[in-house]
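Participant: 3D, please:
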Amino acid sequence: MLQSFHPDQFFSEEPQKRLSDLMDLWRTARDQEQSLSKELQAELDSLVEAELKAATARTASLLQQLNQ
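Facilitator: Numbers count the residues shown, from 1 in each chain. Okay, the predicted model is just below:
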(Lines give C-alpha, C1' and ligand atoms only; values in the text may rest on other atoms or scores of the structure.)
Protein backbone atom coordinates (compact mmCIF):
# COMPACT_ATOMS: atom_id res chain seq x y z
CA MET A 1 0.00 0.00 0.00
CA LEU A 2 1.25 3.46 -0.87
CA GLN A 3 1.04 5.99 1.90
CA SER A 4 1.85 9.64 1.81
CA PHE A 5 2.51 11.27 5.14
CA HIS A 6 3.11 14.64 3.56
CA PRO A 7 0.42 17.16 2.63
CA ASP A 8 -0.35 17.23 -1.06
CA GLN A 9 -2.98 18.43 -3.51
CA PHE A 10 -5.27 15.57 -2.49
CA PHE A 11 -5.12 15.93 1.32
CA SER A 12 -3.72 19.21 2.63
CA GLU A 13 -1.84 19.98 5.81
CA GLU A 14 -4.77 21.18 7.93
CA PRO A 15 -6.99 18.09 7.59
CA GLN A 16 -3.94 15.84 7.82
CA LYS A 17 -2.95 17.41 11.16
CA ARG A 18 -6.52 17.21 12.46
CA LEU A 19 -6.71 13.54 11.45
CA SER A 20 -3.47 12.86 13.30
CA ASP A 21 -4.71 14.68 16.40
CA LEU A 22 -8.02 12.81 16.38
CA MET A 23 -6.26 9.48 15.90
CA ASP A 24 -4.13 10.26 18.97
CA LEU A 25 -7.30 11.02 20.95
CA TRP A 26 -8.94 7.84 19.66
CA ARG A 27 -5.94 5.69 20.67
CA THR A 28 -5.89 7.23 24.14
CA ALA A 29 -9.63 6.62 24.55
CA ARG A 30 -9.27 3.05 23.28
CA ASP A 31 -6.40 2.33 25.66
CA GLN A 32 -8.56 3.59 28.53
CA GLU A 33 -11.49 1.46 27.32
CA GLN A 34 -13.46 4.59 26.47
CA SER A 35 -14.74 6.08 23.26
CA LEU A 36 -14.72 9.48 21.63
CA SER A 37 -17.74 11.74 21.81
CA LYS A 38 -20.19 11.31 18.94
CA GLU A 39 -19.05 14.62 17.47
CA LEU A 40 -15.37 13.76 17.53
CA GLN A 41 -16.03 10.25 16.20
CA ALA A 42 -18.08 11.71 13.33
CA GLU A 43 -15.28 14.17 12.52
CA LEU A 44 -12.71 11.36 12.64
CA ASP A 45 -14.83 9.15 10.38
CA SER A 46 -15.23 12.01 7.91
CA LEU A 47 -11.49 12.69 7.80
CA VAL A 48 -10.69 8.99 7.38
CA GLU A 49 -13.09 8.88 4.43
CA ALA A 50 -11.54 12.02 2.96
CA GLU A 51 -8.05 10.55 3.30
CA LEU A 52 -9.20 7.34 1.63
CA LYS A 53 -10.61 9.33 -1.29
CA ALA A 54 -7.35 11.28 -1.44
CA ALA A 55 -5.35 8.04 -1.51
CA THR A 56 -7.52 6.78 -4.36
CA ALA A 57 -7.04 10.02 -6.30
CA ARG A 58 -3.31 9.97 -5.57
CA THR A 59 -3.02 6.42 -6.91
CA ALA A 60 -5.01 7.28 -10.03
CA SER A 61 -2.72 10.26 -10.64
CA LEU A 62 0.39 8.09 -10.26
CA LEU A 63 -1.02 5.50 -12.66
CA GLN A 64 -1.81 8.20 -15.18
CA GLN A 65 1.74 9.53 -14.93
CA LEU A 66 3.18 6.03 -15.42
CA ASN A 67 1.05 5.44 -18.50
CA GLN A 68 2.16 8.62 -20.27
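Participant: Specify the helix with the largest residue count in the chain.
Facilitator: helix 38-66 (DSSP state H).
Participant: now that helix: mean pLDDT?
Facilitator: Averaged across helix 38-66, pLDDT comes to 95.
Participant: buried set for it?
Facilitator: Leu44, Leu47, Glu51, Ala54, Ala55, Arg58 (16 or more other C-beta atoms under 10 Å). (C-beta placed from N, C-alpha, C; glycine too.)
Participant: For the third one, list the residues it contacts.
Facilitator: For Glu51, the contacting residues are Phe11, Pro15, Gln16, Leu19, by C-beta atoms under 8 Å, 6 or more residues apart in numbering.
Participant: Is there a neighbour count for the first one? I'd like the number.
Facilitator: Right, Phe11. Residues within reach of Phe11, counting by other C-beta atoms under 10 Å, total 21.
Participant: ok, it touching Ala54?
Facilitator: Yes - judged on C-beta atoms under 8 Å, Phe11 makes contact with Ala54 at a distance of 3.7 Å.
Participant: how much space is there between Asp21 and Leu40?
Facilitator: With the distance defined as C-beta to C-beta, to the nearest Å, Asp21 ends up 10 Å from Leu40.
Participant: ok, now Thr28?
Facilitator: According to C-beta to C-beta, Thr28 and Leu40 sit 12 Å apart.
Participant: And Leu36, its phi and psi?
Facilitator: Main-chain dihedrals, Leu36, degrees, to the nearest 10: phi -70, psi 160.
Participant: My guess is it contacts Thr28. True?
Facilitator: No - applying C-beta under 8 Å, one finds Leu36 not in contact with Thr28, separated by 9.5 Å.
Participant: Show me which of those two is the more surrounded one.
Facilitator: More neighbours surround Leu36 than the other of Leu36 and Thr28, with 17 against 11 (other C-beta under 10 Å).
Participant: which residues does the more buried one contact?
Facilitator: For Leu36, the residues meeting the contact criterion (C-beta under 8 Å, 6+ apart) are Leu22, Leu25, Trp26, Ala29, Leu44.
Participant: could I get those as TSV with secondary structure and distance to Gln68?
Facilitator: Listed next are these as TSV, based on DSSP: H, G, I helix; E, B strand; the rest coil; distance: C-beta to C-beta, whole Å:
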residue	secondary structure	distance to Gln68
Leu22	helix	37
Leu25	helix	42
Trp26	helix	40
Ala29	helix	45
Leu44	helix	37
